[in-house]
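A predicted structure for the sequence below; I have some questions about it.
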Amino acid sequence: MSEERLKPGLIIISGPSGGGKDSVMREVIEATGAKQIITYCVGREPREGEVEGIEN
């Protein structure tokens, strides 16, 4: 990647559970040097063993 500065932006990655969203995020962060700020939103009850605010 060139040394020019990236403009601030927003990337939304949406998909089903197990669809590879975290893998895509890691690749984007590695390729761009972007900062990682993530907000997850689910419309279901927590699964067994899930703890709010803790990524598995």
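Happy to help now that I have it. Numbers count the residues shown, from 1 in each chain.

Look up the closest residue to the residue nearest the centre of the chain, ignoring the ones flanking it.
In the chain, the C-alpha nearest the mean C-alpha coordinate belongs to residue 25, at 4.7 Å (Cα atoms, centre = their mean). Leaving aside its sequence neighbours, residue 25 sits nearest to residue 13 (Cβ to Cβ, 6 or more residues apart in numbering; 6.1 Å). Every residue, glycine included, has its C-beta placed from N, CA and C.

residues contacting that neighbour?
With contact set as Cβ atoms under 8 Å, 6 or more residues apart in numbering, residue 13 has these partners: 21, 24-25.

Count the neighbours of residue 24 for me.
Look at residue 24: counted by other Cβ atoms under 10 Å, it has 13 neighbours.

Show me which of the contacts of residue 13 is closest to residue 51.
Of all these, residue 51 sits closest to residue 21, with 19.2 Å by Cβ to Cβ.

Look up how far residue 7 lies from that closest one.
Counting by Cβ to Cβ, to the nearest Å, the gap from residue 21 to residue 7 is 23 Å.

more neighbours, the two?
Comparing residue 21 with residue 7 by other Cβ under 10 Å, the one with more neighbours is residue 21, at 15 against 5.
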